[in-house]
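Novice: coords below, sequence missing:
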């Protein structure tokens, strides 16, 4: 009987990596070894080689396949892991020679995802990706049922069993898609509620093992699972927190990306990735200590382009404790940060990150001096919640005086909500910043203008000097430094 049966897998693994000169962007061996470790494999041996192009039957060629088979027998290996994507026929042909289970790069990533899935949504997404991957590998799995035999009593069922498997698989795929659509709708309702309540959403994205979960823990002061392994976090985690100068925000920790992320994974995890699409700001966490930093940056950009992302991105260069880079903010233009250097493990640069996010979400910061009326208690509480008060004191009349640092548009909004007139609580020079810009026909006749007093002129000069001295401190010399993204 010509019956093809898949071998059972195990943890004792032979790693295979070939340098295919025809492939422009080959997969990295060290990263694949990390993937194998993350899956729990016990790496017994490494097989390397070089070819101009893959062999159609065995991918690595018949001679290299025999070499792999000898190592399998020598080490009593359970599985052979290929750092390449194999066709279904190549997998079967290699298994028939090495006499153990063969798994390609996509299959290994799917196995890791299956181990990491914890939530209902995550398990659905992983199963859908696995079934999409399996659908191309059903062919000839039941070769003993594929042939019609002649003669009375010898006619077999033909492809009935194979077709039944395909039909059952497609039925399950459709069920999973329907369940994931309900999950997507539930997430959409949650996002709509957050948008309606004007709560900004910040999503962490980045290459796997770049330190997203460690940074997430640092920001929310929690202890979600984080480890030095690939795909330590699979299911998205959402937390509310108070961000200085912004107020209440929702922070989202998402699944990490890898180079050549299988398309079926991107499709299956679309419900999760939609959290990225609907965010107000993306924090792209980058492992600045990695030798492949620029390739990893490009891999994340490719996945974001695949899901049509157009959300503003702030690059967060993590692990500066390993590179010796100083904690600082980099600016694309005045008041527009585009990169921050931090160490989430050593708590370096977190205040810079907080300031950069505040500037991107609310605008450039300005220092204001407020004199509050006695009935402005609720307005003062709001300022405390935003954590923007620098100093507070009382004047001779008993009114409370606050020095705050806030974008002018944000202060104008808060004063309007509190029904406070800017000219009643701010010096003239500062109140002018919050006044609407008048068209030419709305401006009063210059002949009617009264000359400002010396005190008013001095107030304007003092205000300009106060804010002028603070801008270089924010930007420092980083605005003129080289932007690493331009090299990628």
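Specialist: Received it, and whenever you're ready, just let me know what you need. Because the structure is predicted, anything quoted here is derived from the model rather than measured.
Novice: point me to the helix or strand that includes residue 403.
Specialist: If you go by DSSP states H and E, residue 403 is part of strand 400-406.
Novice: in the next helix or strand after that strand, what counts as buried?
Specialist: Moving toward the C-terminus from strand 400-406, the first helix or strand encountered (DSSP H and E) is helix 408-417. In terms of neighbour count (16 or more other C-beta atoms under 10 Å), helix 408-417 has its buried residues at 408, 410-412, 414-415. For every residue, glycine as well, the C-beta is placed using N, CA and C.
Novice: that older thread, tell me the buried residues in the strand holding residue 403?
Specialist: Buried residues in strand 400-406 (16+ other C-beta under 10 Å): 400, 402, 404-406.
Novice: that strand pairs with which strands, parallel or anti?
Specialist: As defined by DSSP bridges, the strand partners of strand 400-406 come to strand 366-372 (antiparallel), strand 389-394 (antiparallel).
Novice: possible to save the ones you listed as TSV with mean pLDDT and distance to residue 205?
Specialist: Below are the strands paired with strand 400-406 laid out as TSV (pLDDT from 0 to 100; distance: least, C-beta to C-beta, whole Å):
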stretch	mean pLDDT	distance to residue 205
strand 366-372	87	31
strand 389-394	87	33
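Novice: save those strands as TSV, and put in mean neighbour count too.
Specialist: Shown next, in TSV, are the strands paired with strand 400-406 (neighbours: other C-beta atoms under 10 Å):
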stretch	mean neighbour count
strand 366-372	20
strand 389-394	12
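Novice: which stretches in the stretch 301-450 of the chain count as helices?
Specialist: 320-323, 350-362, 377-386, 408-417, 422-425, 428-433 (DSSP state H, counting those that start in this stretch).
Novice: quick check: which of these is buried the most?
Specialist: Mean neighbour count (mean count of other C-beta atoms under 10 Å) peaks for helix 350-362 among the helices of the stretch 301-450 of the chain, with a mean of 20.
Novice: which strands and helices sit next to it?
Specialist: strand 237-243, strand 281-287, strand 313-318, strand 328-333, strand 336-341 (3 or more C-beta pairs under 8 Å, 6 or more residues apart in numbering; DSSP states H and E).
Novice: tell me what the third one is packed against?
Specialist: The one in question is strand 313-318. Contacts defined by 3+ C-beta pairs under 8 Å, 6+ apart place strand 313-318 against helix 212-220, strand 281-287, strand 336-341, helix 350-362.
Novice: about what we covered before: worst average pLDDT in the helices of the stretch 301-450 of the chain?
Specialist: Ranked by mean pLDDT, the helices of the stretch 301-450 of the chain end with helix 428-433 in last place, scoring a mean of 80.
Novice: thinking again about what came up before, so which of the helices and strands packed on strand 313-318 comes closest to residue 178?
Specialist: The closest of those to residue 178 is strand 281-287. By C-beta to C-beta, the value is 29.5 Å.
Novice: in its sheet, what does the closest one sit against?
Specialist: As assigned by DSSP bridges, strand 281-287 forms pairs with strand 201-206 (parallel), strand 313-318 (parallel).
Novice: weakest of those by average pLDDT?
Specialist: strand 201-206 (a mean of 88).
Novice: what does that strand contact?
Specialist: 191, 194, 212, 215-216, 243, 249-254, 256-257, 275-276, 278-287, 300, 304, 311, 316, 357 (C-beta atoms under 8 Å, 6 or more residues apart in numbering).
Novice: having no further points to raise, I will conclude here.
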